[in-house]
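Peer 1: pasting the structure only:
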């Protein structure tokens, strides 16, 4: 007997695209069991909070949201509260949840998502709480269903885990070691997605360009090889990937930007710091000069490529001179956009034990200077698009205006323009009228 039939569920997701895709998988599995998704936790029988452990702010938001579920449990004793994701791979977080949030029914991690429906049915049938955390898993579970956020574009995991051990990052401890899917399994999944009207896929991994999948003959398919194969799939229009590590960005992959029409002229290339000495303490395995050489090669191969990045402000021991090196690198690269973060201590990482932590007021002052510089550069870059015609994949209606469509250029620029809902999912020509700091506005040609 299926005890989940007709149950209403709500998923709250914190974190990166990997977490978003995990939530799509959870949603797909629940739908297969006859569950119905609702937009608000107040309406649901089951709430799943999918957690992120990268930043301290995500921790605070998670515990705040978790606290709100207590009143739902009081109102409805059959209500099921579930927590999963990266934070649940850390024992001190599990201990806190068990001690301070006893209304949580299910705790599971990043390696056993495929078992969630079974865990949920056990809670309904046995009326007991469940906790199942695996430190890692050897096999990759294929064929899991997914309920996509967008009909016309999709996330595709090509690998799991990370071997880099950057000193500030908890991901290798929560996602495990690198494991690559077989290329044939990825190709088959993308072909099925294309048959279901998907025009754009984003390949996901903690470090996609270290992908090494095993072909049927035992040979290795590297990330560039995979891009070339995906480029040959009929009906697929665009290929993106997130995220890449500079130490693994090969000349072969740069050439793929030239050769593969479907590979979008956009790369997210996290630098984290513009100082070689800070990069060494971060264990990033490249220098400032090596990073700038990669940018030079990318722009030589693809002059109109757009580049975004991640930058951490206030890493332990960062001097004013080292921070100034980050500012000068930002000026030299001229990023199209950047995700900027205040360094936050992640328990269990080497950097958490460093004694030379930067005072909060210094971090915030530096952060504001960096953001102002990045925004200034983004506005200047976007202004150059005025008068150009860009091909835009229409994603949906703007959240700010019901009469406005929104979509992305090949270079991942967000564009707002007036148009008909029937255009959603199509690639259309849009003349850019205005370039703003964070987006473009245009009109259909």
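Peer 2: Sure, I can see it. Quick caveat: nothing in here was measured; it's all calculated off a predicted structure.

Peer 1: and residue 132, what is it in contact with?
Peer 2: With contact taken as CB atoms under 8 Å, 6 or more residues apart in numbering, residue 132 is in contact with 107-109, 112, 115, 119. Placement of C-beta: from N, CA and C, glycine included.

Peer 1: would you mind giving the residues you listed as TSV with distance to residue 392 added?
Peer 2: Conversion of the contacts of residue 132 to TSV gives the following (distance: CB to CB, whole Å):
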residue	distance to residue 392
107	42
108	39
109	38
112	39
115	40
119	42
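
Peer 1: among the residues you listed, which two are most distant?
Peer 2: Farthest pair in the contacts of residue 132 (CB to CB) is 107 and 115. Separation: 12.5 Å.

Peer 1: who's more crowded, the two?
Peer 2: Using other CB atoms under 10 Å as the criterion, residue 107 and residue 115 rank with residue 107 on top: 22 against 16.

Peer 1: quick check, that one in a strand?
Peer 2: Yes - checked against DSSP: H, G, I helix; E, B strand; the rest coil, residue 107 lies within a strand.

Peer 1: from residue 101, how far off is it?
Peer 2: Distance of residue 107 to residue 101, computed by CB to CB, to the nearest Å: 10 Å.

Peer 1: ok, now residue 324?
Peer 2: Relative to residue 101, and taking CB to CB, residue 324 is found at 44 Å.

Peer 1: over to residue 170?
Peer 2: As judged by CB to CB, residue 170 and residue 101 stand 21 Å apart.

Peer 1: swap in residue 298?
Peer 2: Per CB to CB, residue 298 is found 46 Å from residue 101.

Peer 1: hang on, the earlier thing: give me the more crowded residue out of residue 170 and residue 101.
Peer 2: Using other CB under 10 Å as the criterion, residue 170 and residue 101 rank with residue 170 on top: 20 against 16.

Peer 1: ok, and the closest non-adjacent residue to that one?
Peer 2: Nearest non-adjacent residue to residue 170, counting by CB to CB, 6 or more residues apart in numbering: residue 346, 4.5 Å away.

Peer 1: all helices of the stretch 51-200 of the chain, in order?
Peer 2: For the stretch 51-200 of the chain, applying DSSP state H, counting those that start in this stretch gives helices covering 56-75, 91-100, 116-126, 171-175, 183-195.

Peer 1: note down every partner strand of the helix or strand just after the last one and its orientation.
Peer 2: Translated: helix 183-195. Where DSSP states H and E defines the elements, the next helix or strand beyond helix 183-195 is strand 200-204. Applying DSSP bridges to the sheet, strand 200-204 is found paired with strand 153-157 (parallel), strand 238-242 (parallel).

Peer 1: show me what the next helix or strand after strand 200-204 is packed up against.
Peer 2: Per DSSP H and E, the first helix or strand lying C-terminal to strand 200-204 is strand 212-214. Other elements packing on strand 212-214 under the criterion 3 or more CB pairs under 8 Å, 6 or more residues apart in numbering; DSSP states H and E are strand 179-180, helix 183-195, strand 220-222.

Peer 1: did I read that right, residue 417 in a helix?
Peer 2: No - under three-state DSSP, residue 417 sits outside any helix and is assigned strand.

Peer 1: tally of neighbours for it?
Peer 2: Neighbour tally, residue 417, other CB under 10 Å: 22.

Peer 1: please shift the residue numbers so they start at 29 in all later answers.
Peer 2: Sounds good: first residue 29 from here, last item residue 445.

Peer 1: can you classify the closest residue to it other than its chain neighbours by secondary structure?
Peer 2: Among residues not flanking residue 445 along the chain, residue 470 sits closest, at 4.6 Å (CB to CB, 6+ apart). Following three-state DSSP, residue 470 is assigned to strand.

Peer 1: tell me how many other residues crowd residue 470.
Peer 2: 25.

Peer 1: now residue 211
Peer 2: Neighbour count of residue 211, defined by other CB under 10 Å: 22.

Peer 1: before we move on, what about residue 187?
Peer 2: 22.

Peer 1: quick one, what contacts it?
Peer 2: 206-209, 233-236, 238-239, 241.

Peer 1: read off the pLDDT value for it.
Peer 2: Residue 187 carries a pLDDT score of 93 in this model.

Peer 1: what's the closest non-adjacent residue to it?
Peer 2: Leaving aside its sequence neighbours, residue 187 sits nearest to residue 233 (CB to CB, 6+ apart; 4.0 Å).

Peer 1: what segments of the stretch 229-378 of the chain are strands?
Peer 2: 240-242, 248-250, 266-270, 294-296, 334-341, 365-370 (DSSP state E, counting those that start in this stretch).

Peer 1: list the neighbouring strands of the last one plus their orientation.
Peer 2: For strand 365-370, sheet partners with direction are given as strand 334-341 (parallel), following DSSP bridges.

Peer 1: out of the strands of the stretch 229-378 of the chain, which comes closest to residue 449?
Peer 2: Proximity to residue 449 (CB to CB) singles out strand 266-270 among the strands of the stretch 229-378 of the chain, at 21.1 Å.

Peer 1: which residues touch the closest one?
Peer 2: Under CB under 8 Å, 6+ apart, the answer for strand 266-270 is 44-45, 181, 227-233, 236-237, 251, 255, 258-259, 288, 290-292, 294, 296, 421, 438, 440.

Peer 1: again with stretch 230-239
Peer 2: Residues from elsewhere that reach stretch 230-239 (CB under 8 Å, 6+ apart): 45-46, 49, 181-192, 199, 203, 206, 208, 214, 249-251, 254, 258, 267-273, 276-278, 281.
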